[in-house]
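In: just to be clear, the model below is a prediction. Sequence and coordinates:
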There are 2 protein chains.
Amino acid sequence: MATITMKEISRILGVSTATVSRVLNNSGGYSEGTKKRVLDVLEKYNYQTNVVAKSLRTRQSKTVGVVVPDITNEYFASIALAVENFFVPYGYSIFIYNTSANIEKERLLLRDIVSRGVDGLIYISGNPDVPLEAHKNNIPVVCINRHKQLNSEISVVESDNFQGGYIATEELLKQGCKRILMIRDKRDIIPQNERFKGYRKALADHDIPFEKLLVQEITFDAFHSAKCVNELISASVSFDGIFASSDILAIGSLKALRENQIPIPADVKVVGFDNNSFGEHSYPPLTTINQDKTQLGESASRLLLDLMEKEMKDKRMEIVLPVNLVKRDTTF
Amino acid sequence: MATITMKEISRILGVSTATVSRVLNNSGGYSEGTKKRVLDVLEKYNYQTNVVAKSLRTRQSKTVGVVVPDITNEYFASIALAVENFFVPYGYSIFIYNTSANIEKERLLLRDIVSRGVDGLIYISGNPDVPLEAHKNNIPVVCINRHKQLNSEISVVESDNFQGGYIATEELLKQGCKRILMIRDKRDIIPQNERFKGYRKALADHDIPFEKLLVQEITFDAFHSAKCVNELISASVSFDGIFASSDILAIGSLKALRENQIPIPADVKVVGFDNNSFGEHSYPPLTTINQDKTQLGESASRLLLDLMEKEMKDKRMEIVLPVNLVKRDTTF
């Protein structure tokens, strides 16, 4: 913020700030000579429309906050990118807040978001109750992939996680799997819980009894997934399919299967979830459930823009986006 | 920005804004009764310190911009995260600008960055000449992994790319490779050029003649890398080692080698560059050159904070961070 202000220009030239403003907005009511003098000073001091000053006048900061648990996770980064691509043509800039899945950090960040007066907030987090602080402060909020746990006043865009869990499991069942291991993130969060429900429903629909031992709840990390699969193999737990509730967990599983010389997909078939780019290059290339990250980001952005511009802050909406199976080489 | 302003509080209570401000800053000069009335209105309207208003008074926006070519690339996201982690404790928020490696978009974003009056800018991009616009507007800039092409007034933090290219090639030479294919990003950008120079120097130091055919300049993409290796194999070009100038290109190469049943590392050894997390989970796990992303982000942030706070805008600094070899299974 080192550029010259309208006030300074007015002082230099001995004209009112109103005149300077009229020149800048090309709205007439000044002589050609004044116009030229203002523009000369502008050029000399390299004036730029000061968004900060403008925001104070218009009560719009032209900023949107995006809260993600981990920007280095391609899934969240892809959504954030879609939000940025949506809002930039409307003149908005994007603050990205990374919570590191840390609830304390998240609370501090939210305080900052509110005090900065962002015009709207897109929220992707494992912590269900916090965005209410922004909502309470009259900042429109749209959550991605969180629902039900939330205060019903907040709008949500989500993937059809239940359906995704169902079709992932069904793909394994269709290929003859009878004992399907589900490896899931142990956190009690909606997307994980819904995928698990889809898994159970698909088993039930195919008359396969549910076995608690075959559901492993682990820390969200490829290494933990590899360790988990290695331990089950050592303990002689038998399984012929793995549904990993995210691609990161699937990648760890593939590693453990390779280390144990278990042929994929001949002996064990694997389906992931998310469709991140590394699944295309894994060995074998990973069959997975595609979440449309661009669509999630765009739908949430469009909804947020409506809430921001049309003052529909109290209207809650829920948008559920379909998912689809991407077949690669970890199933036939 | 829908919270109440100091001006509105003063209007409601019939006191001056100066009084409201003194109450908010706890600086005395008002009665207990006034204090209580101000705080009651605050509570009622849920006042938060308005950073936007403050920024207009202090000429600090307490924001730092980070420009990256692709936030979905873990390498850039990791640096952006380190920048955020560094600045948040100082009360700054981070704008992230994604150029999509598009020079036109980058120009527009830079205009926005300047007009917003960010306090400083961290710049990672393939386009060498653009941040001068920010610099010209008196916004301190630190570039990561760009030098020489730049105007010498701009500070830079970089990995030792030359050294990285050298030790990657040396690792392959030590393991007996005689014909080392280098697959590099075709863009004429400093990190890629320096890695290539390191490759040539290592070959020269080991009396291996340089062969132009063994340097492939391709689009930065795993698919193009796989295609390139497949084509060389089809054309019976012989090679016993691959130095890929980034892990993404290495992953594509591994895929092509597997598809051609070429044993890794027995027949062809591979070394990547960057040390992104997917290299740990590739098949085989990838030997690579580690760039310390956290250190790059932190060093650039520390330097930027100095430039911002100490008004050392005209002092140029260059920080070169060491890289190191991470041995995994694509070399012995």
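Out: Received it, and whenever you're ready, just let me know what you need.
In: now do the helices in the stretch 151-300 of chain A.
Out: For the stretch 151-300 of chain A, the helices defined by DSSP state H, counting those that start in this stretch cover A:161-174, A:190-205, A:222-234, A:247-259, A:293-309.
In: average pLDDT for the second one?
Out: Just to be clear, that refers to helix A:190-205. Mean pLDDT, helix A:190-205: 96.
In: next: stretch A:310-327.
Out: What stretch A:310-327 shows for mean pLDDT is 84.
In: give me the contact list for that stretch.
Out: Residues from elsewhere that reach stretch A:310-327, judged by C-beta atoms under 8 Å, 6 or more residues apart in numbering or on different chains: A:138, A:140, A:147, A:152-161, A:163-164, A:167-168, A:171, A:271, A:275, A:287-292, A:295-296, A:299, A:303, A:306-307. For the C-beta atoms, the positions are set from N, CA and C on the backbone; glycine is no exception.
In: 6 Å instead?
Out: Residues external to stretch A:310-327 that are found in contact with it (C-beta atoms under 6 Å, 6 or more residues apart in numbering or on different chains): A:140, A:152-153, A:155-160, A:164, A:167, A:171, A:275, A:287-292, A:295, A:299, A:307.
In: over to stretch A:91-98?
Out: By C-beta under 6 Å, 6+ apart, stretch A:91-98 touches A:62-68, A:71, A:80, A:84, A:109, B:81, B:84, B:93, B:95-96, B:112.
In: now with 8 Å?
Out: Here stretch A:91-98 makes contact (C-beta under 8 Å, 6+ apart) with A:62-71, A:80, A:83-84, A:87-88, A:109, A:112-113, A:116, A:118-119, B:63, B:80-81, B:84-85, B:93-97, B:112-113, B:116.
In: just checking, residue A:320 is part of a helix?
Out: No: assessed with DSSP: H, G, I helix; E, B strand; the rest coil, residue A:320 is strand; it does not lie in a helix.
In: that one and chain B: what is the separation?
Out: According to C-beta to the nearest C-beta, to the nearest Å, residue A:320 stands 24 Å off from chain B.
In: just residue A:37 next, same as before
Out: In terms of C-beta to the nearest C-beta, residue A:37 sits 22 Å off from chain B.
In: give me the neighbour count for the residue in the stretch 101-250 of chain A positioned nearest to chain B.
Out: In the stretch 101-250 of chain A, the residue that lies nearest chain B is residue A:117 (3.4 Å; C-beta to the nearest C-beta). Residue A:117: 22 surrounding residues under other C-beta atoms under 10 Å in any protein chain shown.
In: swap in residue A:89?
Out: With other C-beta under 10 Å as criterion, residue A:89 counts 8.
In: ok, it to residue B:105 distance?
Out: Residue A:89 sits 10 Å away from residue B:105 when distances are taken as C-beta to C-beta, to the nearest Å.
In: which residues are in contact with stretch A:199-206?
Out: Residues contacting stretch A:199-206 (C-beta under 8 Å, 6+ apart): A:162, A:165-170, A:173, A:180, A:182, A:209-210, A:243.
In: if we go to 6 Å?
Out: Taking C-beta under 6 Å, 6+ apart as the rule, stretch A:199-206 contacts A:165, A:166, A:169, A:170, A:173, A:182, A:210, A:243.
In: following the least confident helix or strand in chain A by mean pLDDT, which helix or strand comes up?
Out: Every helix and strand in chain A was compared by mean pLDDT, DSSP states H and E; the lowest is helix A:51-58, with a mean of 53. Next helix or strand after helix A:51-58 toward the C-terminus (DSSP states H and E): strand A:63-68.
In: report whether the helix or strand following that next one contacts chain B.
Out: Using DSSP H and E, the helix or strand that follows strand A:63-68 in sequence is helix A:74-87. Yes: judged by C-beta under 6 Å from any C-beta of the partner chain, helix A:74-87 comes into contact with chain B at A:74, A:77, A:78, A:81, A:84.
In: which member of those is positioned nearest chain B?
Out: residue A:77 (4.3 Å).
In: and the pLDDT at the closest one?
Out: 95.
In: any stretches of the stretch 201-332 of chain A with poor pLDDT?
Out: The model of the stretch 201-332 of chain A has pLDDT under 70 over residues A:311-315.
In: nearest spatial neighbour of residue A:101, chain-adjacent residues omitted?
Out: Distances taken as C-beta to C-beta, 6 or more residues apart in numbering or on different chains place residue A:69 nearest to residue A:101, at 4.5 Å, with adjacent residues excluded.
In: re the thing from before, turn the helices of the stretch 151-300 of chain A into JSON lines, including mean neighbour count.
Out: JSON lines is the format used below for those (neighbours: other C-beta atoms under 10 Å in any protein chain shown):
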{"stretch": "helix A:161-174", "mean neighbour count": "23"}
{"stretch": "helix A:190-205", "mean neighbour count": "20"}
{"stretch": "helix A:222-234", "mean neighbour count": "19"}
{"stretch": "helix A:247-259", "mean neighbour count": "24"}
{"stretch": "helix A:293-309", "mean neighbour count": "21"}
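In: got CSV for those helices, with distance to residue B:251 too?
Out: Formatted as CSV, those follow (distance: least, C-beta to C-beta, whole Å):
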stretch, distance to residue B:251
helix A:161-174, 24
helix A:190-205, 27
helix A:222-234, 15
helix A:247-259, 12
helix A:293-309, 20
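In: figure out which of those helices is closest to residue A:282.
Out: helix A:247-259 (5.7 Å; C-beta to C-beta).
In: what's across from the closest residue in space to residue A:214 that isn't next to it in sequence in the sheet?
Out: With sequence-adjacent residues excluded and distances taken as C-beta to C-beta, 6+ apart, residue A:214 is closest to residue A:181, at 5.1 Å. Per DSSP bridges, the residues bridged to residue A:181 are residue A:242.
In: nearest residue to residue A:247 in space, ignoring adjacent ones along the chain?
Out: Take residue A:247 and drop its neighbours on the chain: the residue closest to it by C-beta to C-beta, 6+ apart is residue A:272, 4.1 Å away.
In: who's in contact with that neighbour?
Out: With C-beta under 6 Å, 6+ apart, residue A:272 has these contacts: A:244, A:247, A:250, A:279, A:286, A:288.
In: and what of residue A:285?
Out: When contacts are counted by C-beta under 6 Å, 6+ apart, residue A:285 touches A:328, A:329.
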